[in-house]
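Engineer: Predicted model follows, preceded by the sequence.
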Amino acid sequence: MTPEQATVDRVAAVLAEREAIQANLLELDGSFGKRVLEGAGRSGQPGLTGLTKNRWDKASAVLAGLWETFLAYSAVVDRIGELAGPAPGGGRRPSRKDQQDQAELANLLTGGCVQLSGAPVPLARRDLAAGGRPPVTLAAAVGAMRRAFAEVTEVTSAAEAVWAAVGGPLDAATAELARERPRVAGLGPDIEAEFAAADSALSALRAAANADPLALWRDGGTDTAAADRLREQVAALAPRIAELDRVRQQARQRIDALTTAAAAAQAARQQAVSAWQEASARVSALPPPPADQPGPPPASLGALAAGGQWSRLATELDRYTAELDQFTAKTAGLRESAAAALEQRDELRGLLGAYKAKAARLGAAENSDLAGRYDQAYGLLWTAPCDLAAAAAAVAAYQRAILATEGRR
């Protein structure tokens, strides 16, 4: 490659590099993170705080210096473009002017020609013949801009990552609270206070994330623990609000239904007690009936509804419903035990008759021992109230005696 062609290629590379740098700087300038960080504290917006404020103050100063350096660098590149005339075929090459232009072009491509922004070089490190901040080469200027660009984008990218990570759970919690807000009013002080606390915590967490996002940036990732906990808290609160609202909507219907069910349960218990009393007059040692169950007080439940104490009303309705279910089960058990006792007595009577018939077939009906056992069992079974345990034992003894007699025959 000839020196002239090498210069043409070098100029083309410088121009292309400038275009890429300019595009990246414009993209950074319009990025979401940069615009939000830069706009904090303006037009009534909350300002930055804490770590984010410290880092953005430094990064914004670096960004301002980066643009100053780019402008100085771009002016040099523009001059290089002027000195390099159009090459045949659309390329670019150094113009064929006088020797002075050739020397200037070579100096711009390789020598110190870009004035960097920033404080001057300290006097102790300065050359006697140098200015306070000597110009640097194009390559050095690009290196300085590259480092500044990385420093700024590290801050803006981290802030964007935090906002994106915590925005999901916070937005979900916000939407959930917005859906439940129309229903929560009037549901009672407890649930209203819990809703207000969640709403306040959401606002505080969002404000903190907006004002100091980098406080949540740790080890290259976002700490979303607080946002996730709040999202879970709101997610658990929503069904409780829905349930209390359902209680509010159906309060009178549930109170009336529970009152009707309690009355029906009391009537069923009266019938079961009557059946038990009839059975206990015929059979002894029946288990006693369970204690009477007072019905739910409609007045007190209505007072809770009138006072808007829906949480307590829901608790009371659930408690009375559970107690009523238990009471109904006990009533059914009382009726079943009475019927079972009479059924057992009748079954023993049937067995005793069957065994007597068998004794007659064996020709042992007049056997004094068998007759005595029969009379004992008969007396127990036809005496009111009947001792089922004693009667069952007597019938079993009568059966064994018949079987023994059958064996001897």
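Structural biologist: Cool, the structure landed.
Engineer: any idea of the mean pLDDT for the helix or strand residue 249 falls within?
Structural biologist: Assigned by DSSP states H and E, residue 249 falls within helix 225-282. The average pLDDT for helix 225-282 rounds to 88.
Engineer: Mind giving me the packing neighbours of it?
Structural biologist: In terms of contacts (3 or more Cβ pairs under 8 Å, 6 or more residues apart in numbering; DSSP states H and E), helix 225-282 is packed against helix 138-184, helix 189-211, helix 298-306, helix 310-361. Every C-beta, even on glycine, is put in place using the N, C-alpha and C of the backbone.
Engineer: rank those by pLDDT, which is bottom?
Structural biologist: Among the helices and strands packed on helix 225-282, helix 298-306 carries the lowest mean pLDDT (a mean of 81).
Engineer: number of nearby residues for the closest residue in space to residue 81 that isn't next to it in sequence?
Structural biologist: With sequence-adjacent residues excluded and distances taken as Cβ to Cβ, 6 or more residues apart in numbering, residue 81 is closest to residue 15, at 6.2 Å. The local packing count at residue 15 equals 15, with neighbours defined by other Cβ atoms under 10 Å.
Engineer: How about the one 4 residues further on?
Structural biologist: Other residues near residue 19 number 11, with proximity taken as other Cβ under 10 Å.
Engineer: for residue 75, same thing?
Structural biologist: Neighbourhood size, residue 75 [other Cβ under 10 Å]: 13.
Engineer: Is it within a helix or a strand, and which one?
Structural biologist: helix 50-83.
Engineer: What residues sit buried inside that helix?
Structural biologist: Neighbour-count burial for helix 50-83, counted by 16 or more other Cβ atoms under 10 Å, picks out 52-53, 55-56, 59, 62-63, 65-66, 69-70, 72-74, 76-77, 80, 83.
Engineer: Would you mind getting the angle between that helix and helix 189-211?
Structural biologist: Helix 50-83 runs at 30 degrees relative to helix 189-211, counting by axes from the mean of the first three to the mean of the last three Cα atoms, to 10 degrees.
Engineer: what does the average pLDDT come to for helix 50-83?
Structural biologist: 91.
Engineer: Check which helices and strands it sits against.
Structural biologist: Packing partners of helix 50-83 (3+ Cβ pairs under 8 Å, 6+ apart): helix 3-29, helix 32-39, helix 99-110, helix 138-184.
Engineer: Could you tell me the angle between that helix and helix 3-29?
Structural biologist: 150 degrees.
Engineer: i'd like the first residue to be 52 from this point on
Structural biologist: Sure, I'll start counting at 52 from here, so that last one is helix 101-134.
Engineer: chain center to helix 101-134: distance?
Structural biologist: Taking the mean of its C-alpha atoms, helix 101-134 sits 45 Å from the chain's own mean (Cα atoms, centre = their mean, to the nearest Å).
Engineer: Stretch 302-318 too?
Structural biologist: Relative to its chain's centre, stretch 302-318 lies at 37 Å (Cα atoms, centre = their mean).
Engineer: Go through it and flag the buried ones.
Structural biologist: 302, 305-306, 309-310, 312-313, 316-317.
Engineer: Can you pull out the residues in contact with it?
Structural biologist: Residues outside stretch 302-318 that contact it (Cβ atoms under 8 Å, 6 or more residues apart in numbering): 298, 344, 346-347, 349, 352-353, 356, 361, 364, 368, 371-372, 375, 378-379, 382.
Engineer: Filter those residues down to the buried ones, PyMOL style.
Structural biologist: Buried residues within those, by 16+ other Cβ under 10 Å, are selected in PyMOL with:
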select buried, resi 298+344+346+347+352+353+356+361+364+368+371+372+375+378+379+382
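Engineer: tell me, what residue is most central in the protein?
Structural biologist: residue 283 (3.0 Å; Cα atoms, centre = their mean).
Engineer: before we move on, the earlier item: same list (the buried residues of stretch 302-318) but as JSON lines, adding distance to residue 99.
Structural biologist: Formatted as JSON lines, the buried residues of stretch 302-318 follow (distance: Cβ to Cβ, whole Å):
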{"residue": "302", "distance to residue 99": "50"}
{"residue": "305", "distance to residue 99": "53"}
{"residue": "306", "distance to residue 99": "56"}
{"residue": "309", "distance to residue 99": "58"}
{"residue": "310", "distance to residue 99": "62"}
{"residue": "312", "distance to residue 99": "62"}
{"residue": "313", "distance to residue 99": "64"}
{"residue": "316", "distance to residue 99": "67"}
{"residue": "317", "distance to residue 99": "70"}
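Engineer: Lovely, talk soon.
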